[in-house]
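> quick one, structure for this:
(chains A and B)
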2 protein chains.
Amino acid sequence: MGNIITKVLPGFMELLPEEQIEFDRIKNVILSTYERFGFTPIDTPAIERGQTLLAKAGGETAKQIYSVENKRGGTGVADDKVSEPVLRFDLTVPLARYVAEHFNDLSFPFRRCHIAKAYRGERPQRGRFREFYQCDIDVIGRDKLSIRYDAEIPSIIYQIFKQLDFGKFTIRVNNRKLLSGLIESLGITADAAEVLRIIDKIEKISPEAFESMLKENNLTEAQVAGIKRFMAISGKTEDVLKALKGLNIDNELFNLGLEELSTVTAAMEEMGVDRDYYQIDLSIARGLDYYTGTVYETKLDDHPQIGSVCSGGRFDNLASHYISEKLPGVGMSIGLTRLFDQLRAIGVVSGKRKTIADAVIVPMDESNIATALNAAAEIRKNGFNADVLLEDWSVKNKFKYVSKKDATFTVVIGSDEERDNVIVLQYKQGDEIIKERLPLDKAIAVMIGFKKEN
Amino acid sequence: MGNIITKVLPGFMELLPEEQIEFDRIKNVILSTYERFGFTPIDTPAIERGQTLLAKAGGETAKQIYSVENKRGGTGVADDKVSEPVLRFDLTVPLARYVAEHFNDLSFPFRRCHIAKAYRGERPQRGRFREFYQCDIDVIGRDKLSIRYDAEIPSIIYQIFKQLDFGKFTIRVNNRKLLSGLIESLGITADAAEVLRIIDKIEKISPEAFESMLKENNLTEAQVAGIKRFMAISGKTEDVLKALKGLNIDNELFNLGLEELSTVTAAMEEMGVDRDYYQIDLSIARGLDYYTGTVYETKLDDHPQIGSVCSGGRFDNLASHYISEKLPGVGMSIGLTRLFDQLRAIGVVSGKRKTIADAVIVPMDESNIATALNAAAEIRKNGFNADVLLEDWSVKNKFKYVSKKDATFTVVIGSDEERDNVIVLQYKQGDEIIKERLPLDKAIAVMIGFKKEN
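Now for the predicted structure:
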């Protein structure tokens, strides 16, 4: 004892119970909404074959991969040395592997959600975690997938953030084909990926810096002007679509993108996304190689510094590394660990409940325990979580426990209550503490009523 | 493509959606019951400091630990080389670390549940997994913890397995002090741990083998007879308690164990555990060093070959390696991955639902999509999970999708339905397929009624 460190490793999040309850509440809103829309949860191992994951990972991501090894004489993880086991770094690559592996057992469009931890060797700093929850949904088609699914994803983002109390938000939608088509149409010969990367930065840099970065990449005045004219377009959906049409760009990709964006935004309205909660944002490019059509980002209007809280888009082929079937799809992801940490830092989320128990039941004396247990059973049957204090403590210590747990309801049972066949129900109405002596069934009715109102 | 392996590593479980839904259903029964009893979920990193976990792990477990390393130029996990990061091998050691680390922020008795994956370098074989879910609850006291909590744990086991449809089960209860006291009272000088290990085997070996193994450990005839007399006691709770008393063993530890066992079984009945579902079993010893009082095992009566499906007990001090506070506790654990695998192998559990969607909504034509989306929104508001087929497919392909998804309800909307302001609701009543043309609100009422009945 003594010099053993009990703090978690840097870059890992560990929450106190009250924070954990709030984290789980948010996670459950996300999961239940995914399920409402028919996305079936899957679960894949956190440890995968290195060669399998690395087939899809490049650059920085590959460097951040954690290897797993049994060094102490156990049997190891891998069968063979080739498949060096590693921790997954996201949930998309495991999805690609899952779909390829179980292709014949799945029905398409395959709708899956996956909420689980992934691991990356990030340099630890505020908002960067080495272990983090991803909350993903994807719809995967076989050969083809209707563009309407591109509208369903933001309709789910809308439902989730409407339920969460993080304030007003805006879903930003764009289509990668517009940008790629524009670059083609302007005859830009520079590295298109580099141009997209500059466009992605437009919100963070000055107009002058933007222009000079483009020129550094050998874009002509006319080409820069073309990009600026495009990027200047903003406003209401119909105005943006009209202005894009008004550019009269004679490029197949561009016009396909325009058509897709029109269809997606129209379908989003059919799907109940409030106009005030989304906008077309032509500056969004996202993951340069992966996405091929519709792309989304979501920002909290009151907390723009957080950046995008929910992003995704359309891709042409999920699993080309693993299977020769063409699997187009569309999806999105919420990086919950990072989001929670940031919202906590600015006070938007905080621990509200110290226990998952709705009610703490306190028998005043050993002789009241049987009655207290019966009351607890009845309260639980009515859908409440209840914790019975079984310690034979002084009254003072019992109420210290009650006050520390701070559950919504306290139920006290003493010998007087047993005699009168009642219980004492205690709860807060605003700042006022209500204390009522009631028969158990009446007390439960009060609890049900209170829960509905609050 | 081609030679990249998409199969999971040996010793890892990956389920198809229909199996996953069943797995999650069981997991949710466990979690919601834990929460009903006021056990707050916590979450700890899967990666911990090696020196911290190893302080509590010995022997085989230590050998099975997986190390985690960043080999590719990222920033690694550990701050310093001393704290070699490893994957957790259970949820008990992380609990001890958590309680020590956050001691001042927790209120005691601290009731936590934790359902998460742990990792061990097991030799892969049927029923042994390298990544597995543990579903743990523990009540941790400060200095003292009422013996009544020892009765609450089996009452929760009872509630969980009554809800799960694995057939009749029996919770077996014992108290380690009885065995230890008996060994003391018989003046056995041989290694007590070794004697307990032999007693633990009694169900698996013949009476002759049992006797000769004891004698090999230098037990006298009288000592062997004493143990056999003790082990022969079985039957109804009150008979066993009476017989134990009748042994007239003059040993403090033994008599304390007897008193505890009497209190715990009496309290179990107060807590509603049906007499038919538990018994005292004097042969249960369990985890030789860890448990110090009450111990439990649970067996499925119809599937004894599975062994214990839920085990636990009382311990004197949770976190002596990390903190100088005395933290007695009692808890139990369900090894869900192994249990699910075994129940699946014998056909007790199987995938029943192929999708999390309760209803698949099928617009017959592009022009019916808007109405279908409105119907889906209404159906979702009523608590159903719904998936709208957005593909512009032939009728044949649409119904292939419906039949593959095999959701409880199918809702079809064509132009005739739109005109008549109805939908077609289809579902199975026994073997019969019911097909009704109804206004949406009536259809939802039918769905709600059907769900209640089924």
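
> which residues of the stretch 351-454 of chain A score low on pLDDT?
Applying pLDDT under 70 to the stretch 351-454 of chain A flags no residue at all.

> which bits of it sit near chain B?
For the stretch 351-454 of chain A, the residues in contact with chain B (C-beta under 8 Å from any C-beta of the partner chain) are A:354-357, A:360, A:369-370, A:373, A:377, A:380, A:385-388, A:390-392, A:401, A:404-405. C-beta here means a position set from N, CA and C on the backbone, and glycine is covered the same way.

> in helices, which of these appear?
Mapping these onto helices (DSSP state H) picks out A:369, A:370, A:373, A:377, A:380, A:401, A:404, A:405.

> tell me the buried residues within the residues you listed.
A:369, A:370, A:373, A:377, A:380, A:401, A:405 (16 or more other C-beta atoms under 10 Å in any protein chain shown).

> farthest pair within those residues?
Using C-beta to C-beta, the pair of those lying farthest apart is A:370 and A:405, separated by 22.0 Å.

> please report phi then psi for the nearest residue to residue A:384 once chain neighbours are set aside.
In this structure, residue A:384 finds its nearest non-sequential neighbour in residue A:358, 4.3 Å apart by C-beta to C-beta, 6 or more residues apart in numbering or on different chains. Main-chain torsions, residue A:358, degrees, to the nearest 10: phi -80, psi -30.

> give me the neighbour count for residue A:358.
If you count neighbours by other C-beta atoms under 10 Å in any protein chain shown, residue A:358 ends up with 24.

> for residue A:427, same thing?
For residue A:427, the neighbour count with other C-beta under 10 Å is 20.

> show me the contacts for it.
Counting by C-beta atoms under 8 Å, 6 or more residues apart in numbering or on different chains, residue A:427 makes contact with A:408, A:409, A:410, A:433, A:434, A:447, A:450.

> so what's the third one closest to, chain neighbours aside?
Looking back up the chat, that one is residue A:410. Excluding the flanking residues, the one nearest residue A:410 by C-beta to C-beta, 6+ apart is residue A:426, at 4.2 Å.

> quick one: the helix or strand harbouring that neighbour to chain centroid distance?
Following DSSP states H and E, one finds residue A:426 within strand A:423-429. In terms of C-alpha atoms, centre = their mean, to the nearest Å, the centre of strand A:423-429 is set 37 Å apart from its chain centre.

> so where is chain A shaky, pLDDT-wise?
Applying pLDDT under 70 to chain A picks out residues A:1-2, A:57-58, A:73-76, A:78-82, A:287-288.

> can you count the residues close to the residue in the stretch 151-300 of chain A that chain B sits nearest to?
As assessed by C-beta to the nearest C-beta, chain B sits closest to residue A:270 within the stretch 151-300 of chain A, at 5.1 Å. Residue A:270 sits with 16 neighbouring residues when counted by other C-beta under 10 Å.

> go on, the one 10 residues further on?
For residue A:280, the count of nearby residues is 25 (other C-beta under 10 Å).

> nearest spatial neighbour of it, chain-adjacent residues omitted?
residue A:240 (4.5 Å).

> swap in residue A:151?
residue A:267 (3.4 Å).

> element containing the one you found?
Applying DSSP H and E, one finds residue A:267 within helix A:252-270.

> ditto for residue A:318
Using DSSP H and E, residue A:318 maps to neither a helix nor a strand.

> now do residue A:299
Using DSSP H and E, residue A:299 maps to strand A:294-300.

> how about residue A:337?
Residue A:337 belongs to helix A:336-345 when assigned by DSSP H and E.

> what comes up buried for that helix?
For helix A:336-345, a neighbour-count test (16+ other C-beta under 10 Å) marks A:336, A:337, A:338, A:339, A:340, A:341, A:342, A:343, A:344 as buried.
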